[in-house]
Structure formats: structure tokens, C-alpha cells
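Engineer: 3D model of this:
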Amino acid sequence: MSIPDKVRIVEVGPRDGLQNEKGPVIDTAVKVELINRLSDAGLNHIESASFVSPKWVPQMGDAAAVMGAINRRPGVVYAALTPNMKGLEAALRAGADEVAVFGAASESFTRNNINCSIAESIERFQPVLETAIKEGVRVRGYVSTTLGCPYEGAIDPTKVADVSSLLYDMGCYEISLGDTIGTGTPLLAKRMLEAVAAKIPLEHLAAHFHDTYGQALANYYAVLEEGLSVFDTSVAGLGGCPYANGASGNLATEELVYMLNGIGVEHGVDLDKLIDAGRYICRELGRANGSKVAYALSEPSP
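Structural biologist: Predicted structure coming up:
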């Protein structure tokens, strides 16, 4: 297949990026400002919050307040993670444009994290999907451990295809394929995508590759060559990988945008404004910017 002329970037920094931040809970106003800056930069699909128990994910305890305070731009999708009915109901009250559920391609990963089988975990999502669709809200499905598992190692692409097709058949309009521990390499990414695309139309698939071993950008390019056109990334490389100690998580959105600019693929994002958004949140968090592009384009020291 040929490289698409246009892609859609799903910005996951405000949710997947911030949820694992250590230290004090980030102020609601800071999260809101980040989301507003991201939409101003041209990102039109922003994963903004997670409606989960603050006991388990303290950084997402103000999800409703965040969703209620953002400056909603026309044409921008403000999405939220909703792992169960309680989360869905809260997200609907907060005005989420789209919700998401998470599955995994690894049986061991599923059992170790939520103490049930893959089949049981998928079954739990049925009422969430039914209710969301009835309310006119689209549901995105995430499949983790698609290129490797911290317990099982390599994952058979047919397992990824099976889980993905279950979520798709249940009503998820799009399936995001996640390399949770970032061990994937380009050829493995292509083979995995090929297996899934045999069951689900390519236009309903997305990639969510972590950069633990520095392979994410290469993996994105590999599936871009196969015709995939939806990519999940995080501004300033926010986020870590809880299953690989000391490792980075999401690829910086700045890196993907820079690459797309270089090969002439349309994406609608202003790189300068995106870099400013990344610098803003890193200042607020008191952490180094995880984007090499932002570092390369920084103002020289006097």
C-alpha cells in the first residue's frame, strides 16, 4: 500500500500521559490549560480524562471538573477512558464526546492486572458499549500488549486479531493497537497489523506504540507504509511504562509531527504551538521535556 496523504493524530497526553505522574496531584487548571493549548495547536482528537476510581489513579480524580472547564472547540473530539458502567455514566454526565475501553491480547497480562480471562474482560464491556451507543457516543477500543507482554514475551499476531475483532464486533468504531511495553520492531509491527487488518478494515484501526526501546517512530512509519492513518502520541513524551521499570512510555507527538512534515503527510497540527504546549506542561510538572524535537528547536542559551 502507499503512504496516506493525511493522518489523524490522537493526543493522549492529558490522560495516558498524566495519569502515571508521581508526586502531588496536578491542578485541574493546569490540565485544562494543557488541553486548550493542544486544541489551539490543531489537534482535533484529545484523550482528556479517565473516569476511574481516584483511589487507584489519583491524577484522574478531577476528570469531571476537567471536562467541564475546557474551552471546547468545534470539530475537536474530547474523549475519556471509561472501564466500567460507573465510569461511563460519569463521562456522559461530563459531556465526553467519545469513550474508550481497554482489552489485552495477553491472557497472563489480563489475569495479572484484573484477575480474569480475556473473554471475561471483554464481556464486562458489553453494557458499556450498549449504553454508550444508545446515547449516541462512539466507543474506541484499545488492545494492549500487541507486540509483547511483560509475562509472556512475544505475542502471536492471531491473538491480537482475535481480541481486536471481538471489540470491533461489539461496536467499537476504532481499535487502537498498543505496544504496551515498547518491545516491538518495524517488521513485527507490520506483521501484527497485517493479521488484524485481515479481520477488521484498515480504516478502523490505529496504532499506539510506546518508545521504551526507541522503536516507536520507526514502528509508526512501518505501519504508515501499510496504509494506517491514525496514530496515538503524547505531547512532550508524557507518560511512563509501568511494566518496564525506568522506561519511557508514549512517543512525543512532536516527533511524529516533525516526521510527517518531512514526508509531506497532512495532519493539521502547528508544530510551534505544539512545542509550546509541551514546554508549558513540563514547566508545570517540573520535569524534563521528553521530546527530542522540542529540545532541538529550543532557543539557544545566551
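Engineer: Per-residue pLDDT of Ala244, please?
Structural biologist: On pLDDT, Ala244 comes in at 58.
Engineer: so where do the helices sit in this structure?
Structural biologist: Under the criterion DSSP state H, the chain carries helices at the ranges 28-40, 63-69, 85-94, 107-114, 118-124, 126-134, 157-170, 186-197, 216-225, 253-263, 271-285, 292-296.
Engineer: Quick check: Ser165 vs Ser248, distance?
Structural biologist: Going from Ser165 to Ser248 by CB to CB, to the nearest Å gives 30 Å. C-betas here are computed from N, CA, C, even on glycine.
Engineer: swap in Asp232?
Structural biologist: Taken as CB to CB, the span from Asp232 to Ser248 is 15 Å.
Engineer: Between the two, which is the more surrounded one?
Structural biologist: Shown here are Asp232 and Ser248; by other CB atoms under 10 Å, Asp232 has more neighbours (27 against 20).
Engineer: what sits against that one?
Structural biologist: Shown in contact with Asp232 (CB atoms under 8 Å, 6 or more residues apart in numbering): Ile9, Val10, Val12, Asp16, Glu47, Ser176, Gly178, Ala206, Ala207, His208, Asn250.
Engineer: what sits against the second one?
Structural biologist: By that I understand Val10. Counting by CB under 8 Å, 6+ apart, Val10 makes contact with His45, Ile46, Glu47, Ala79, Ser176, Ala206, Val230, Phe231, Asp232, Thr233.
Engineer: quick one, the helix or strand bottoming out on mean pLDDT in the chain and helix 157-170 angle?
Structural biologist: Here the helix or strand of the chain ranked lowest by mean pLDDT, DSSP states H and E is helix 107-114, holding a mean of 86. Helix 107-114 runs at 50 degrees relative to helix 157-170, counting by axes from the mean of the first three to the mean of the last three CA atoms, to 10 degrees.
Engineer: buried sites along helix 107-114?
Structural biologist: By 16 or more other CB atoms under 10 Å, the buried positions in helix 107-114 come out as Glu107, Phe109, Thr110, Arg111, Asn113.
Engineer: per-residue confidence at Glu98?
Structural biologist: Note on Glu98: pLDDT of 98.
Engineer: Tell me the spacing between it and Leu217.
Structural biologist: 26 Å.
Engineer: for Gly87, same thing?
Structural biologist: According to CB to CB, Gly87 and Leu217 sit 32 Å apart.
Engineer: do the same with Glu120
Structural biologist: Computed as CB to CB, the Glu120 to Leu217 distance reads 35 Å.
Engineer: between the two, which one's more packed in?
Structural biologist: The neighbour comparison of Glu120 against Leu217 (other CB under 10 Å) goes to Leu217, with 19 against 12.
Engineer: Chain neighbours aside, what residue packs nearest to the more buried one?
Structural biologist: Of all residues beyond its chain neighbours, the one nearest Leu217 is Glu255 (5.6 Å), with distances taken as CB to CB, 6 or more residues apart in numbering.
Engineer: before we move on, back to that, hey, least reliable of the helices of the chain by pLDDT?
Structural biologist: Taking the mean pLDDT of the helices of the chain, helix 107-114 comes last: a mean of 86.
Engineer: Tell me who's in contact with the nearest residue to Ile3 once chain neighbours are set aside.
Structural biologist: Excluding the flanking residues, the one nearest Ile3 by CB to CB, 6+ apart is Leu224, at 5.6 Å. By CB under 8 Å, 6+ apart, Leu224 lies in contact with Ile3, Pro4, Val7, Phe231, Val265.
Engineer: Report the two of the residues you listed separated the most.
Structural biologist: The span of the contacts of Leu224, defined through CB to CB, is set by Ile3 and Phe231 at 12.6 Å.
Engineer: ok, these two, which is more surrounded?
Structural biologist: The neighbour comparison of Ile3 against Phe231 (other CB under 10 Å) goes to Phe231, with 23 against 16.
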